[in-house]
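Trainee: got a structure for you, letters missing:
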């Protein structure tokens, strides 16, 4: 198994290959994630992660509802992991990850993201 970014164990294929899409393409980046959560009734949760206050927790089934079945299916296929495992991991890491990517209590600019990723 190979672990990328400390989040998901991936099958080790023995060769390092270029990913077929950037991580942000699955949900349209941080802005796309925000939009999906808001459109699916979970705006309060993601807004708490972006804001400077306490992060609201989300259950795995809420992650599924917020992201939608197509996105979850794409993640399952891409990661080679069962849906339940992906949902549990996302419910644990998304709040803190979004919080860390939005230290100013707002979505970062492209330049700020480049600094965070560099």
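Mentor: Yes, it's here. On a predicted model such as this, the values are computed, not experimentally measured, just so you know.
Trainee: Residue 106 - nearest residue in space that isn't next to it in sequence?
Mentor: Using C-beta to C-beta, 6 or more residues apart in numbering and skipping residues adjacent in sequence, the residue nearest residue 106 is residue 50, 6.7 Å away. C-beta: built from backbone N, CA, C; applies to glycine.
Trainee: give me every residue that touches the one you found.
Mentor: Residue 50 makes contact with 34, 98-99, 102, 105-107, according to C-beta atoms under 8 Å, 6 or more residues apart in numbering.
Trainee: nearest to residue 88, of the residues you listed?
Mentor: Using C-beta to C-beta, residue 98 is the member of the contacts of residue 50 that sits closest to residue 88, with 17.0 Å.
Trainee: Tell me the confidence at the closest residue in space to residue 83 that isn't next to it in sequence?
Mentor: The shortest distance from residue 83 to any non-neighbouring residue, by C-beta to C-beta, 6+ apart, is to residue 76 (5.3 Å). Listed pLDDT for residue 76 reads 95.
Trainee: From residue 113, how far out is residue 76?
Mentor: 26 Å (C-beta to C-beta, to the nearest Å).
Trainee: what sits against the closest residue to residue 31 other than its chain neighbours?
Mentor: Distances taken as C-beta to C-beta, 6+ apart put residue 107 closest to residue 31, at 6.0 Å, once the chain neighbours are dropped. Shown in contact with residue 107 (C-beta under 8 Å, 6+ apart): 30-31, 34, 50.
Trainee: low-scoring stretches of the chain, by residue?
Mentor: 1-28 (pLDDT under 70).
Trainee: can you give me the strands for it?
Mentor: 2-4, 8-10 (DSSP state E).
Trainee: circling back to that earlier point, would you confirm that the residue nearest to residue 83 contacts residue 87?
Mentor: No. Counting by C-beta atoms under 8 Å, residue 76 stays clear of residue 87, with 9.6 Å between them.
Trainee: my read: residue 46 touches residue 35, true?
Mentor: No. Assessed by C-beta under 8 Å, residue 46 is found out of contact with residue 35, at 9.5 Å.
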